[in-house]
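> sequence? don't have it. structure:
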């Protein structure tokens, strides 16, 4: 924040200076022109009368010349003075922002740059489809001559169509979709279909007393959901009482809240993605966001490493030198770090559960074997190394 | 958003990422300032010249007519000066205002409302993508994306960049700083051969460091593959342990992330395969006799008649056969 603020201060100063200079410039030149214009008028009338140049006029003229010269030269030098403020902006930017981010990534990691580029374009394409930016994605396909097969595209095209309809407050396509996927939605414990019916009902209510019959007859759609959503159905039925009065003035006015529409779009997206086996956010955006978090941390540690001159710590190959916190939502897979060796377990070094229930890695277990017996490092229970059981998270 | 970015983290990232976003309009400002200075100096010297001539004539008792005509000349030169000065100052002011707008956009990252912050983050991603696309030469796509996500671009600049496709140079030169809102996109012409016709877009590339944002887009997936717990699980042969949410498991990023280093984890984090929930004191990990571990709560939820079926091997066990494991 501070970085933006300090650059902004310099920019504001420059803007201020431009403003005052501009006004001053225009004003003084105006005055000059006016003055010269007056002189010229005097001279012109003198010319008409056929008189020669009087001494006073001549004096005034030379004064005028001097004034002109002084004014314009001052204008030029005043403008030059602004230069320091302008360059201070550049310096503020240089001071507050890092100009280089290399050194954190070693390009040698990839064997072929073109191939890497291609895969990246593919990822971008998939991201664009997932975000619903179909025309942009089509354009990219054309320009990059990459192609995504139709089965990949198809679900996104359909989802997008339904979402667009939802944005227009058209519940039809979404309801159709929900009904056709009813079984799987129920398995997911999703209440999408009910919510869609509810929104439709509320919209009918908002239509006023004329819609009463229609709303009542629509209410039969709630029947299959009676058990799970009893309370909400009761609320909606209760609101019918206020239909004549107008729902906005009743205790049920919250039903008319616009946020329901935003919420239904989100619910739909979430449920549809779960059904398709996709994540709600495209992989590219999650990667990008984590990169944004990771980049400054890695650069900081690189700076520290260089300062302390212990470059051996980071080999760029196997593991990052530091842990990067992304939040619990990013824990996609289980990670077990052996508490003794402080390393992640892997297929070649799996976690082993000892008899007492404590878990350590196999390498750690082997290291602890003493005379054919093993003592658990946490509860000193003696046991046979062979009794350890490999576990899988 | 899956990835949590606190305000402090965002600020740090800003410092590292947004140098080009501000530097590019600054360079334009600098260029226009110099141009303005040159114009003013030039016109000033014209005026001075004409005035000097007038002074010379005055000192030698001239006819009134000649003085008048010389004076006319002075008036003309003064008017030209005024016009040029006003134009130049306007151009400078415009580029300074552009700097200001970009800073204001950047400041929005720390706005109090969470909705505004996530809009900003989305725009940031779109910004980087537009830059990357430009760098790859996909102009139309970049323009379309920019328009759709509310990033304005100067069409003229993009077109003049297109005039010398051959001289584009390797993607390491030039830089496009793309902001959101009403700011503009000055595309940097390459420092290669071919004249860059329009003075406007072509800020000398030499002045800019070769840390293009396209690099940033490539760099981002790199560090990302790493912190996201990129590990063996994402690369098992049969794809059995793929998680639909994990980006590294997704088909495109899977290949991209393969050669990258792993994330560093000093502490265990256990996630139940059934529910995706964290396994800790509130949901202790339980091992079935076949060695597979699940969360206690998940086992409760799949328990039927005191038996549980391991989701991965389909073996059936008694609920009581599950043993608690202790993770330090």
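Cool, the structure landed. Bear in mind that the values here come from a model prediction, so they are computed numbers and not experimental data. Residues are numbered from 1 along each chain as shown, chains lettered A, B, ... in the order given.

> Surely residue A:265 touches residue A:162?
No: assessed by CB atoms under 8 Å, residue A:265 is found out of contact with residue A:162, at 9.6 Å. Where you see a C-beta, it was placed from the backbone N, CA and C, and this is true even at glycine.

> more crowded one of the two?
residue A:162 (23 against 15; other CB atoms under 10 Å in any protein chain shown).

> tell me which element the closest residue to that one other than its chain neighbours is part of?
Nearest non-adjacent residue to residue A:162, counting by CB to CB, 6 or more residues apart in numbering or on different chains: residue A:173, 4.5 Å away. According to DSSP states H and E, residue A:173 maps onto helix A:172-180.

> from the middle of its chain, how far away would that helix be?
30 Å (CA atoms, centre = their mean, to the nearest Å).

> Report the rounded mean pLDDT for that helix.
The average pLDDT within helix A:172-180 is 86.

> got it, and stretch A:159-169?
Per-residue pLDDT over stretch A:159-169 has a mean of 85.

> And for stretch A:8-24?
The pLDDT scores in stretch A:8-24 average 94.

> Run through who's touching that stretch.
Identification of contacts with stretch A:8-24 by CB atoms under 8 Å, 6 or more residues apart in numbering or on different chains yields A:78-79, A:82, A:85-86, A:88-89, A:92, B:29, B:86, B:89-90, B:92-93, B:96-97, B:99-100, B:103-104, B:107.

> Filter those down to the ones in helices?
Of the contacts of stretch A:8-24, the ones assigned to helices by DSSP state H are A:78-79, A:82, A:85-86, A:88-89, A:92, B:29, B:86, B:89-90, B:92-93, B:96-97, B:99-100, B:103-104, B:107.

> Show me what the helix holding residue A:173 is packed against.
For helix A:172-180, the packing partners by 3 or more CB pairs under 8 Å, 6 or more residues apart in numbering or on different chains; DSSP states H and E come out as helix A:150-167, helix A:192-206, helix A:259-276.

> can you list contacts of it?
Outside helix A:172-180, the residues that reach it (CB under 8 Å, 6+ apart) are A:158, A:161-162, A:165-166, A:185, A:192-193, A:196-197, A:200, A:264, A:268, A:272.

> Could you pull out the buried residues of it?
Using 16 or more other CB atoms under 10 Å in any protein chain shown as the burial criterion, the residues of helix A:172-180 that qualify are A:174, A:175, A:177, A:178.

> which element is the residue nearest to the spatial centre of chain B on?
The centre of chain B sits closest to residue B:128, judged by CA atoms, centre = their mean, with a distance of 3.5 Å. Using DSSP H and E, residue B:128 sits within helix B:114-136.

> is that helix anywhere near chain A?
Yes: Helix B:114-136 reaches chain A (CB under 8 Å from any CB of the partner chain) through B:121, B:124, B:125, B:128, B:129, B:132, B:133, B:136.

> can you pull out the strands in the stretch 251-393 of chain A?
Using DSSP state E, counting those that start in this stretch, the strands of the stretch 251-393 of chain A run over residues A:351-353, A:359-361, A:369-370, A:373-375, A:382-383, A:389-390.

> other SSEs contacting the fifth one?
With contacts taken as 3+ CB pairs under 8 Å, 6+ apart, strand A:382-383 sits against strand A:373-375.

> Is the strand it packs on in proximity to chain B?
No: Strand A:373-375 lies apart from chain B when judged by CB under 8 Å from any CB; the minimum separation is 15.5 Å.

> Run through the residues that contact the closest residue to residue A:241 other than its chain neighbours.
In this structure, residue A:241 finds its nearest non-sequential neighbour in residue A:250, 7.9 Å apart by CB to CB, 6+ apart. Residue A:250 is in contact with A:239, A:241, A:242, counting by CB under 8 Å, 6+ apart.
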